[in-house]
Each structure stands twice: as structure tokens, then as C-alpha cells.
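**Student:** Sequence first, then the predicted structure:
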Amino acid sequence: MKWHLLLTDNVDQLDTQPDALVTKCGLHFGREFAVYRPLPFVDHTGFTETVEEEIEFVIEAQRSTEGAYLSAEEFIGRWNLSRLVGRRVAHLSGGWRKFLGIALFANRKAPAKCFLDVTSHLADERIRVLLEQLESQSNEAVVFCEYDARLIFDLAPTRFSLLHEHDDRIESVEGFPVKGTKGTTGTTATTGTTAFYSNYEQY
Amino acid sequence: MPSSPWILEDLSLQLRDGETALVVGDNGSGKSTLGKLIAGLIKAQRGNVLIDKRDLPSIEVSTRPKHVVYMGQTSYLQFFRSSIDEEIKFAARMSGALTSEVYLAYGEFRLPDDRSVKPMDLPYTAMWRLQLFLFSIVFNPSVLFIDEIVAPGARAQMDALEAVVAQRSKSKQVTILAYQRALRLETVSGLRRFDLQAGRLVEV
């Protein structure tokens, strides 16, 4: 199964109208998605203190509902979190706290998952681990939508199929529908609005 | 002596008037710790911080925001009032800025024209721009540490950031940006990049 990378002419939707974006995804795929939408730095249930307690608490909740891919012990090992288990969630750095939230979301046995804005706050290595773990799961559909789609695309270029959202429609596309080359401010072929603007040195 | 490893060690960072630094580091590498140290929010176990040629502890806490401000990752924790307008007036009162002057720059940050909106009701990206506006324009400190750039792939974010950095550089103020990737700031010349690895800062 390929992951889908949703390219949108209006990336501001990610923040201003995330529900509408997810609804469009749902209509396109004809199914409901579980959505990871980061609420920055509140990726913590608040019912626990340490990372280990948080993992056990959330996975126990997952097991009693839709199911969990990994047990708490497996989860800690597979997501490379063993050095953090004794630390307080509130004392983790912002990026690690977000990573913990994303990892726990990914562990849900929801058949269709939509990740909004994974790349903010996370270093590439964390995103690689996320993609590796998703690879080992039996999800039926996984969609990512990012402010800078190239960032995640380049981490696994052969694994993504591209979807382009414009004029309230979603369609499959072969390449990035942007005029210009990497590293330039592109304009989309369809609407002429600025999109996929890359501010990273490597582009 | 601490029983755990040093978070930052043998670290030296000297920035001259008008310079902009980008500190790049992995998650948990100490970027936020560095920012909090520079702003005096936490105290170093060894070493010192000089701002405007003064030892940081010698600067009264009440006047410190004129010298150094740490813009944290949790924008929503740094709002205190129930509307954007009240927030601006509150910050202006704290910093001694003239509200008539700061309002002139407000439009450049692509924030709502209606300033009765609650800061907490803004989209997260706009919350970040409001914070950037308050800290850079209203407080206008000699040293501004911006910890994490929210959604730099969104054009409004980078436009606001580049405008702030360029203006601060022109005004001979120091700006330090911390992020987990190397960003390109097209309108900023002379950006100094430092990598933070294993608690040490290396200029690239």
C-alpha cells in the first residue's frame, strides 16, 4: 500500500480549515479517517506523569476500543523511546513531546489515518521512524498533508502517491503540480497561487 | 555538579549588533535550553550571559524585556488578555511602547483586522505571528530568541519572519532563530548558522 501525499493549492487550510480538508479526503476515499492534527505541545493526556505511564495509559485505552498495533513494551522498543521512559512528559523537548503524540496516534488500529502537519517541530530522523513504523502496519489508507510537502516526499519518494486538491476536488497527479524548480517559489499550474514554497536550505 | 550529562557544554556564542543567527539542532538537542539561558529564564550552572555588555543578572527583571526576549514554542501560554487589542495594549504598557506606533506595523503580520478576536481563537499559525508581532514590534528587544518557527512552509509565516529579521538587522538588533532544519532566509544577508550537537555549538 502506498501512502498518499495531499498537495493543496491553499496550505493555509491545514491550520484554518483542517476539518474541511479531512472531509474532502473522506469523500475522495469513501471512508472515514482518524486524524492526527497536532495541537502543539498538548500531546499529553494529562492523566499521567512519566513517558512510560503515558504510553501504558494510552495503549490500554486503544486496546479497549479500536485496538492497538503494539503493546506498551513493544511500542517503547520499536519507536526508540526506551531512553525517555522514566522522564516526565512535561519535561520533554517540544519535538519529542510531539513525536510521542504522533507515535501513540499511529499505534491505533484505525484502518485509515490522516496526518496533518507532521513535519513541523520534528527532525527528519523522527519522521523516518514514523514512516518505518507505518510500513509495518496494516493500514488501508494513510494520507499526509504538509505545509511543505517536498520535505516528507523526499524522505520516501517511491512510497508516496500524489494527490492534488484544488477547487474543492482531489485528483491523482504524477508529479508536483508546480511551475518552476525546487528551491524557487512555485506557482501551481491550476490556480496560479503560490504553493509548495520551500524554505529549506537543501532545496 | 549535576548527576546527569550536561545539556550544553563549552558553549560560546558572541553576536554583534545587527547579526542574525540560526541555531540548527535535532529534537532535544538543547535549542530551547539555550534560548531560556540567554533570556535568563534558567540559570547556567557555569558561565555567564552578557547582553548589551551587561551581565544578565545585573539587569533588573522589570527592564529585561527591553534587552532580551525569549519567544517560546507554546505561543498560547504567552497570551494574557481576552482580545488581540487588549493583548497589544498590555504588551505596550509592559514595554513602554506607543500603541499608535506599533499599530502601524500590525497589518504586515497578516493578522485579523478585527482586533476584538481572542488570541486563543486564532489558528495556530496566526497565533505565532501575533506572538512575533508582540515580541518584535511591541517589546522590540536588543536580543530576540525565536524558538521554533511554526509552519515555515506557509508563506505568511516566512514573510512575517523575514520582514522582522530584516528590520531588526537594520536597527542593529540581534535575532536568534532556533529550528530543527537549516532554513533559507532569502531576504536576510549575512545569516550565521550554528549547529547544536551533543551540547556544543559549532558555526557552519
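**Tutor:** Sure thing, it's come through.
**Student:** ranges for the helices of chain B?
**Tutor:** B:31-38, B:64-67, B:84-95, B:99-106, B:124-133, B:155-170 (DSSP state H).
**Student:** How about chain A?
**Tutor:** A:13-16, A:18-29, A:51-63, A:72-78, A:94-106, A:124-135, A:149-153.
**Student:** what residue lies at the spatial centre of chain A?
**Tutor:** Against the mean C-alpha coordinate of chain A, by C-alpha atoms, centre = their mean, the closest residue is residue A:115 at 3.1 Å.
**Student:** just checking, that one touches residue A:139?
**Tutor:** No: between residue A:115 and residue A:139 there is no contact under C-beta atoms under 8 Å: 11.0 Å. In this view, the C-beta of every residue, glycine as well, is placed from N, C-alpha and C.
**Student:** Now do the helix or strand of chain B with the lowest mean pLDDT against helix B:155-170: the angle between them, please.
**Tutor:** Least confident element among the helices and strands of chain B, by mean pLDDT, DSSP states H and E: helix B:99-106 (a mean of 88). For helix B:99-106 and helix B:155-170, the angle between their directions (axes from the mean of the first three to the mean of the last three C-alpha atoms, to 10 degrees) works out to 130 degrees.
**Student:** Would you mind saying which of the helices of chain A lies nearest chain B?
**Tutor:** Between chain B and those, the tightest spacing by C-beta to the nearest C-beta is seen for helix A:94-106, at 3.0 Å.
**Student:** re earlier: out of the helices of chain A, nearest to residue B:55?
**Tutor:** Nearest of the helices of chain A to residue B:55, taken as C-beta to C-beta: helix A:94-106 at 29.0 Å.
**Student:** Touching the closest one from outside, list them.
**Tutor:** Contact with helix A:94-106 is made by A:34, A:36, A:38, A:40-41, A:43-44, A:51, A:54-55, A:58-59, A:62, A:69, A:75, A:79, A:81, A:84, A:89, A:92, A:113, A:115, A:118, A:121-123, A:126, A:129-130, A:133-134, A:137, B:26-28, B:32, B:73-74, B:148, B:180, as judged by C-beta atoms under 8 Å, 6 or more residues apart in numbering or on different chains.
**Student:** what distance separates it from the centre of its chain?
**Tutor:** Offset of helix A:94-106 from its chain centre (C-alpha atoms, centre = their mean, to the nearest Å): 10 Å.
**Student:** and if you look at stretch A:140-158?
**Tutor:** 8 Å.
**Student:** now swap in stretch A:114-133 and tell me
**Tutor:** Counting by C-alpha atoms, centre = their mean, stretch A:114-133 comes out at 6 Å from the chain centroid.
**Student:** what about that stretch, start to end distance?
**Tutor:** In stretch A:114-133, first residue to last residue: 15 Å (C-alpha to C-alpha, to the nearest Å).
**Student:** Ok, stretch A:155-169 next?
**Tutor:** This stretch, stretch A:155-169, spans 26 Å end to end (C-alpha to C-alpha).
**Student:** hang on, residue B:118 packs against residue B:85?
**Tutor:** No: Residue B:118 is beyond contact range of residue B:85, at 10.6 Å (criterion: C-beta under 8 Å).
**Student:** Spell out which parts of chain B neighbour chain A.
**Tutor:** When proximity is defined as C-beta under 8 Å from any C-beta of the partner chain, chain B approaches chain A at B:26-29, B:31-32, B:73-75, B:123-126, B:148, B:150-156, B:158, B:180-185.
**Student:** Drop anything exposed from those.
**Tutor:** Applying 16 or more other C-beta atoms under 10 Å in any protein chain shown to the residues of chain B next to chain A, the neighbour count classes B:26-29, B:31-32, B:73, B:75, B:123-126, B:148, B:150-156, B:158, B:180-181, B:183-185 as buried.
**Student:** how near is the nearest residue to residue B:163 once chain neighbours are set aside to chain A?
**Tutor:** Nearest non-adjacent residue to residue B:163, counting by C-beta to C-beta, 6 or more residues apart in numbering or on different chains: residue B:108, 5.9 Å away. Look at residue B:108 and chain A: by C-beta to the nearest C-beta, to the nearest Å, they are 17 Å apart.
**Student:** what does residue B:56 give?
**Tutor:** For residue B:56, the distance to chain A - C-beta to the nearest C-beta - is 23 Å.
**Student:** Just list the residues touching the nearest residue to that residue once chain neighbours are set aside, thanks.
**Tutor:** Spatial nearest neighbour of residue B:56, excluding adjacent residues (C-beta to C-beta, 6+ apart): residue B:49 at 4.3 Å. Taking C-beta under 8 Å, 6+ apart as the contact definition, residue B:49 lies against B:37-38, B:40, B:55-56.
**Student:** how about those in TSV, adding pLDDT and neighbour count?
**Tutor:** Shown next, in TSV, are these (pLDDT from 0 to 100; neighbours: other C-beta atoms under 10 Å in any protein chain shown):
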residue	pLDDT	neighbour count
B:37	95	22
B:38	95	22
B:40	93	18
B:55	92	10
B:56	92	19
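**Student:** which of those residues lies closest to chain A?
**Tutor:** Among the contacts of residue B:49, and counting by C-beta to the nearest C-beta, the member closest to chain A is residue B:37, at 14.5 Å.
**Student:** isn't that closest one right next to residue B:7, touching?
**Tutor:** No: if you go by C-beta under 8 Å, residue B:37 and residue B:7 don't touch, sitting 9.4 Å apart.
**Student:** which stretches of chain B have low pLDDT?
**Tutor:** Filtered on pLDDT under 70, chain B yields the residue ranges B:1-3.
**Student:** which ones are touching residue B:48?
**Tutor:** Contacts for residue B:48 (C-beta under 8 Å, 6+ apart) come out as B:55-56.
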